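Peer 1: turn this into a structure:
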Amino acid sequence: MALLICVPGPVLAESCFAPSRPFLPSDSQAARDYADIIRGDFEDYIQDIQSYFRCLDGERARAFEEAREVSEEYGRFLQLVGD
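Peer 2: As a prediction, this is how the structure comes out:
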């Protein structure tokens, strides 16, 4: 925890974890027997994948902003050293 306090906030990138694919049994009887559970797994997956996409979009926006800031900092550095 102490290490995280020393790291500036913008440096911390969000980790986006893709959800696991729901299991669909190949046995039609098993699919019928567990239909409610399987349906719930698929619905959970759809919600989770949407959250995952939002996370990726947010991380992409954060990375672009960071890259813009780093590019500006590099330009200032080059001016400082006379390149």
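Peer 1: so which elements touch the longest helix seen in the chain?
Peer 2: As assigned by DSSP state H, the longest helix anywhere in the chain is helix 35-81. Using 3 or more C-beta pairs under 8 Å, 6 or more residues apart in numbering; DSSP states H and E as the contact test, no helix or strand touches helix 35-81. Every C-beta, even on glycine, is put in place using the N, C-alpha and C of the backbone.
Peer 1: check the offset of the helix or strand harbouring A30 from the chain's centre.
Peer 2: Taking DSSP states H and E as the definition, one finds A30 inside helix 28-33. On the basis of C-alpha atoms, centre = their mean, to the nearest Å, helix 28-33 sits 34 Å off its chain's mean C-alpha point.
Peer 1: pLDDT of that helix, averaged?
Peer 2: Summarised as a single mean, pLDDT over helix 28-33 is 98.
Peer 1: who touches that helix?
Peer 2: Applying C-beta atoms under 8 Å, 6 or more residues apart in numbering, the contact partners of helix 28-33 are L24, P25, I38.
Peer 1: repeat that for stretch 41-50.
Peer 2: For stretch 41-50, contacts defined as C-beta under 8 Å, 6+ apart pick out A18, P19, S20, R21, P22, F23.
Peer 1: now do the buried residues in that stretch.
Peer 2: For stretch 41-50, the neighbour count (16 or more other C-beta atoms under 10 Å) marks D41 as buried.
Peer 1: check stretch 25-45 too.
Peer 2: Y34, I38, D41.
Peer 1: can I get that stretch in CSV? Just the C-alpha atoms.
Peer 2: What follows is stretch 25-45, C-alpha atoms only, in CSV (Å, rounded to 0.1, in the frame of the first residue of the first chain):
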residue,chain,number,x,y,z
PRO,A,25,-23.3,-28.1,-22.6
SER,A,26,-23.4,-30.0,-25.9
ASP,A,27,-25.9,-32.4,-24.3
SER,A,28,-29.4,-31.1,-25.0
GLN,A,29,-30.8,-32.8,-21.9
ALA,A,30,-28.2,-31.1,-19.7
ALA,A,31,-29.0,-27.8,-21.4
ARG,A,32,-32.7,-28.2,-20.6
ASP,A,33,-32.0,-29.4,-17.0
TYR,A,34,-29.8,-26.4,-16.3
ALA,A,35,-31.6,-23.9,-18.5
ASP,A,36,-32.2,-21.3,-15.8
ILE,A,37,-28.5,-21.4,-14.6
ILE,A,38,-27.2,-21.3,-18.2
ARG,A,39,-29.6,-18.4,-19.1
GLY,A,40,-28.3,-16.5,-16.1
ASP,A,41,-24.7,-17.2,-17.0
PHE,A,42,-25.3,-15.8,-20.5
GLU,A,43,-27.1,-12.7,-19.2
ASP,A,44,-24.3,-12.1,-16.7
TYR,A,45,-21.8,-12.5,-19.5
